[in-house]
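Visitor: Here's a sequence, model it:
(chains A, B and C)
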Amino acid sequence: MNKEDWKKKQKTCKERDFRFTTVSDLPVKPLYLPDDIRDFDYDKKLSYPGEFPFTRGVYTNMYRGRLWTMRQFSGFGTAKDTNERYKYLLKHGQTGLSVAFDFPTLYGRDSDDPFSQGEVGKCGVAIDTLRDMEILFDGIPLDKISTSMTINPPAAILLAMYIVVGEKQGVLAEVLTGTIQNDMLKEYQAQKTWIYPPEPSLRIITDILEYCSEHVPKWNTISISGYHIREAGSTALQELAFTLANGLTYVEYGTKAGLSVDKFAPRLSFFFNSHLDFFEEIAKYRAARRIWAKVMHDKYRAQNPRSYLMRFHTQTAGCTLTAQQPENNIIRTAFQALAAVLGGTQSLHTNSMDETYALPTERAVKIALRTQQLIAHETGAANTIDPLGGSYYVEALTDELEKRTYEYFDKIDTLGGVVPAIEKGFFQREISRSAYEYQRALEHKVKYHVGINMFEEEGGADIEILKIPEEIEKNQIEELKEVKKQRNSVKVKRALKQLYSAAGNGENLMPRILDCVREYATLGEICSTLKEEFGIYHEPIIF
Amino acid sequence: MQKKIRVLIGKPGLDGHDRGVKIVAAALRDAGIEVIYTGLHQTCESIVEAAIQEDVDIIGLSILSGAHMTIFPKIINLLKQKEAEDIIVIGGGIIPEEDIKKLNEMGVKKLFTPGTSTKEIIKYVKSIVQKT
Amino acid sequence: MDFLKKLLKGDKLTIARTITAVENSNNSEILKEIFPYTGKAYHIGVTGPPGAGKSTLVNIVIQKLLEENKKIGIIAVDPTSPFSGGAFLGDRIRMTDLALRENVFIRSMATRGSLGGLSQKTKDVALVLDASGMDYILIETIGVGQVELDIAQVCDTTIVVLVPESGDSIQAMKAGLLEVADILVVNKGDREGCDSLILELKFAFELREQKLGWHFPVLKTIATESKGIEELISNIKSHKKYLKSSGKFEEDRKRKLALRIDELIEEKIKSHLKEFSSWRNGDQLEQLIAKVYQRKLTPYHIADEITKKIIVGKK
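Guide: Residues are numbered from 1 along each chain as shown, chains lettered A, B, ... in the order given. The predicted structure follows:
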């Protein structure tokens, strides 16, 4: 049978009453054929794993050499509580740490700040001073483990604390491995955790780039994150395009500050979401690698092959979890995790089934971790590299996402770049529009979510929920008072004053922040000092 | 002349997750309701003051940070202090069943959990305002 | 009456509830009661295209006025969606800190279907704030056409806010804008095109200046950095002084009151008309129309007859 005859025949077949699109609304054909990837040049489009443009993977032997890092994001209560959870996870085979901070810490506020009331230790661990970080990593050798810290406006401070904890353990900064998120652009666009306006925020980021390239060379200085853009409601395409545009903006600021691309670009890493649409997600990761390598090569003239590598962490999509029939979340997460692995992720976090209610219990986290271990050791998915490479569908989707990403780049350029586009509310508007459209699609049953708009069940869920005791806030404030009593307040004041003048005169802030941290200046004190010089950000009103 | 329903939609505390709150605000507006949006990072005091000055029928708060047991009671108390306890308080977010019960007893009229459709929220808002 | 006492004392809950009552009713009883206590507040209008930074500017102006211990009421007007009848009122976002101040009261209003952009009710709401003892009432609204005329009808001083980017689109709006502005502000003055826009506006103002004898200032501000605000405030004050010393203040207000009375009469007649449109439902409709169709009667006769009935009936 020839192609045209088959297409005719297919048209006459009964078809389900359903709009066949990806979850992000890209059209999907009934069948993909060789002519859907007509001008396919293998060497140019895919090449080999570890070779430009890295579509099939950033390393030559990928998971046959080393499995991805299984890294569960966690933190709650006090540093002591979280330290115990870390030891539990390491005992059960986790291979890297990932610190979740509470809201006050994320916003650079102390536990006794009036704005922190009710939030201390709730969504993550509370960190006020170096003392808390010492407790957090007690008994965990920093030269043996890599640590990822999800922290943005105060990223420099938490990194400084980590470096000092290392010093106290006798570990040199140059051997420390890990990541700080430190991605402020996506904060203004999606996650909305900010302190200062964009320009000073970008200055702090370039200070970190510069300092780390000298002193903490193995540290990933920015984790350029699409995760939160997607959680805020974007499509897969928007996640891909906006994240890459942000990454390229950091490259621009770095080079404008006089750093050589090849010195800092190899330490940039990425962080993506893994959402419901299995193939679209896989195509997204593959397209991301290819676009990054091409633009870094063609536009930024990077020479160091490591500058082309898009290494990324993946987390399954929190926004797809349902409070209804929560056990289904285990299955959902498993598919999303498999997509991330087939897409060639370097590390992975799998969500727990109970996270629409509270932070996960130990049992729920263990199931989530086991999900990764199952994929790694039972499914065979890690036996060969990029097993979906060459699939007509996946390659066509990869091409389509790449093409549309360049269209977004053009649009952002006409707005004057990422920062002006943020000020004009471009990203914010695009994202909330997509979020609203998706919600409408669910309510009109154009798209489905099991337990939400199909196969619904009456009655609540019967699962165990983690409770964070309310005393934590009080205890943490007491601890903070104690630290303040014991420290040398003259030295603290002096360090803060020097930080303030550094903020004004443009010198690199990192050494000054390190001095403050060593004297047990609090996170809030350091951020307030910088606020005085930098001011605070007000969001444009976007609807 | 029929009285327009006015609803204040806000995000108290530090939590910046505003996807849900914006969807709800847009859906209420599209259902013919006047929505006063206070933006992110609001204190309880400023939310209550805004609700009073705007004379809204309902305050709707979104809390995903786990601070609900602190924030909702504070809002209820402030409304009482200002003699505006006739303003209905509702909310949504990551809130365990057990806490929902406690908050209902304290006077929070309704709490929506993840997965609630905007239609359901609109229907509730219209019916509760009519009742009072 | 209890409510009146509380209102005159500036009790916020009472102000809020009175505004709601006024906004949702065509009954003028409350307004009749409070009107004697109004006329003291100075009304300032702030209008301009979306994104010009009006809220930010208003925010800073208020802060300055607060330093002088003034009481300030703010009415922020946003459009009602013509499709759903709902509205999104987001201007408070810029002013949440202010709203907690003892001497500030902020109210958001939707236009609720009035074509002019500014709801007729805005005038009534301003009366409530006036009676509550405000020194200043600021009315902020998006201005792109007809609206400016409305706002000037309520306000003593009208400020039009533009941004350098509005340079191109300004041609279309120019006539309306220049007609109502007492003070022009080019905000975001650090952006390209600011100075040429200022020059253009100054030039355009010259004619009107000669006619009215008020030197129309064209100011540059950067609201986000609080730059140019002092100058704006001092210009508001000199405009006020100019109005008072020239006698224009009283003249304007009297003219506006006369206009208001016209409007109210019109409204009343319109609502009676609606009542009277019942003639259409009567049995006589078909007979009447048939006669007109046959040219036995004219539409003019019928109109005369019915109007007579309305007027007699409502005497």
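
Visitor: Strands along chain A, start to end?
Guide: A:69-70, A:73-74, A:97-99, A:147-149, A:178-180, A:219-220, A:222-225, A:268-274, A:312-316, A:347-349 (DSSP state E).

Visitor: and those strands as a markdown table, adding distance to B:Gly66 and mean neighbour count?
Guide: No exception for glycine: its C-beta is placed from N, CA and C like everyone else's. Listed next are the strands of chain A as a markdown table, based on distance: least, CB to CB, whole Å; neighbours: other CB atoms under 10 Å in any protein chain shown:
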| stretch | distance to B:Gly66 | mean neighbour count |
| --- | --- | --- |
| strand A:69-70 | 26 | 21 |
| strand A:73-74 | 14 | 20 |
| strand A:97-99 | 17 | 25 |
| strand A:147-149 | 20 | 23 |
| strand A:178-180 | 24 | 24 |
| strand A:219-220 | 29 | 22 |
| strand A:222-225 | 22 | 28 |
| strand A:268-274 | 22 | 26 |
| strand A:312-316 | 19 | 28 |
| strand A:347-349 | 19 | 26 |
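
Visitor: ok, the helix or strand of chain A with the lowest mean pLDDT: who's next to it in the sheet?
Guide: When the helices and strands of chain A are scored by mean pLDDT, DSSP states H and E, strand A:73-74 comes last with a mean of 88. Using DSSP bridges, the strands paired with strand A:73-74 are strand A:97-99 (parallel).

Visitor: give me the low-pLDDT residue ranges for chain B?
Guide: B:1 (pLDDT under 70).

Visitor: Do a quick rundown of the strands in it.
Guide: Under DSSP E, chain B gives strands at B:6-10, B:34-37, B:58-63, B:88-93, B:110-112.

Visitor: residues touching residue 110, list them.
Guide: Went with chain A since none was named. Going by CB atoms under 8 Å, 6 or more residues apart in numbering or on different chains, A:Asp110 touches A:Pro104, A:Ser116, A:Asp128, A:Leu480, A:Thr522, A:Leu523, A:Gly524, A:Glu525.

Visitor: please go with chain B instead
Guide: B:Ile90, B:Gly91, B:Asn104, B:Tyr124, B:Ile128.

Visitor: mind redoing it with 7 Å?
Guide: B:Ile90, B:Tyr124 (CB atoms under 7 Å, 6 or more residues apart in numbering or on different chains).

Visitor: number of nearby residues for C:Arg253?
Guide: Per other CB atoms under 10 Å in any protein chain shown, the neighbour tally for C:Arg253 reads 14.

Visitor: The strands of chain A: which one's closest to A:Tyr250?
Guide: Closest approach to A:Tyr250 among the strands of chain A is made by strand A:222-225 (5.8 Å; CB to CB).

Visitor: quick one: strands adjacent to the closest one?
Guide: strand A:268-274 (parallel).

Visitor: Dump the C-alpha coordinates for the partner strand into PDB.
Guide: The C-alpha trace of strand A:268-274 is given here as PDB (Å, rounded to 0.1, in the frame of the first residue of the first chain):
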ATOM      1  CA  LEU A 268      25.800  27.100  34.000                       C
ATOM      2  CA  SER A 269      23.200  24.300  34.400                       C
ATOM      3  CA  PHE A 270      19.500  24.000  33.700                       C
ATOM      4  CA  PHE A 271      16.400  22.800  35.500                       C
ATOM      5  CA  PHE A 272      13.300  21.600  33.600                       C
ATOM      6  CA  ASN A 273       9.900  20.400  34.400                       C
ATOM      7  CA  SER A 274       8.600  17.000  33.400                       C
END
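
Visitor: what angle sits between it and strand A:312-316?
Guide: 20 degrees (axes from the mean of the first three to the mean of the last three CA atoms, to 10 degrees).

Visitor: Determine how far strand A:268-274 lies from the middle of the whole chain.
Guide: Going by CA atoms, centre = their mean, to the nearest Å, the spacing between the C-alpha centre of strand A:268-274 and its chain's C-alpha centre is 5 Å.

Visitor: before we move on, back to that, go through the strands of chain A and find the least confident stretch.
Guide: Here the strands of chain A differ in mean pLDDT, and the lowest is strand A:73-74 at a mean of 88.

Visitor: May I have the strand or helix carrying C:Leu127 as PDB, with CA atoms only?
Guide: In this assignment (DSSP states H and E), C:Leu127 forms part of helix C:121-131. The C-alpha trace of helix C:121-131 is given here as PDB (Å, rounded to 0.1, in the frame of the first residue of the first chain):
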ATOM      1  CA  LYS C 121     -21.700  57.300  40.100                       C
ATOM      2  CA  THR C 122     -18.100  58.600  40.500                       C
ATOM      3  CA  LYS C 123     -19.500  62.000  41.200                       C
ATOM      4  CA  ASP C 124     -21.800  60.700  43.900                       C
ATOM      5  CA  VAL C 125     -19.000  58.600  45.400                       C
ATOM      6  CA  ALA C 126     -16.800  61.800  45.500                       C
ATOM      7  CA  LEU C 127     -19.600  63.500  47.400                       C
ATOM      8  CA  VAL C 128     -19.500  60.800  50.100                       C
ATOM      9  CA  LEU C 129     -15.700  61.200  50.400                       C
ATOM     10  CA  ASP C 130     -16.100  65.000  50.500                       C
ATOM     11  CA  ALA C 131     -18.600  64.800  53.300                       C
END
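
Visitor: Return the distance of it from the chain's centre.
Guide: From the chain centre to the centre of helix C:121-131 is a distance of 10 Å (CA atoms, centre = their mean).

Visitor: Show me what from chain A comes close to chain B.
Guide: Contacts of chain A with chain B, taken as CB under 7 Å from any CB of the partner chain, map to A:103-104, A:107, A:115, A:117-119, A:122-123, A:191-193, A:232-233, A:322-324, A:356-358, A:432, A:435-436, A:439, A:443, A:452, A:460, A:465, A:468, A:539.

Visitor: What subset of those residues is buried?
Guide: Among the residues of chain A next to chain B, those classed as buried by 16 or more other CB atoms under 10 Å in any protein chain shown are A:103-104, A:107, A:115, A:117-119, A:122-123, A:191-193, A:232-233, A:322-324, A:356-358, A:432, A:435-436, A:439, A:443, A:452, A:465, A:468, A:539.

Visitor: So what's the residue count around A:Gly96?
Guide: Neighbour tally, A:Gly96, other CB under 10 Å: 22.

Visitor: residue ranges of the helices in the stretch 201-350 of chain A, please?
Guide: A:227-231, A:236-256, A:261-264, A:278-298, A:328-342 (DSSP state H, counting those that start in this stretch).

Visitor: beta partners of the residue nearest the centre of chain B?
Guide: By CA atoms, centre = their mean, chain B has its centre lying nearest to B:Gly60, at 1.2 Å. Following DSSP bridges, B:Gly60 is listed with bridge partners B:Ile9, B:Ile90.

Visitor: shouldn't it be in contact with B:Val7?
Guide: Yes - between B:Gly60 and B:Val7 there is a contact at 5.8 Å, judged by CB atoms under 7 Å.

Visitor: re earlier: most packed of the helices of the stretch 201-350 of chain A?
Guide: helix A:227-231 (a mean of 28; mean count of other CB atoms under 10 Å in any protein chain shown).

Visitor: So for that one, mean pLDDT?
Guide: 98.

Visitor: who's in contact with it?
Guide: Contacts for helix A:227-231 (CB under 7 Å, 6+ apart): A:186, A:189-191, A:238-239, A:242-243, A:271-273, A:275, A:315, A:317-319, A:431.
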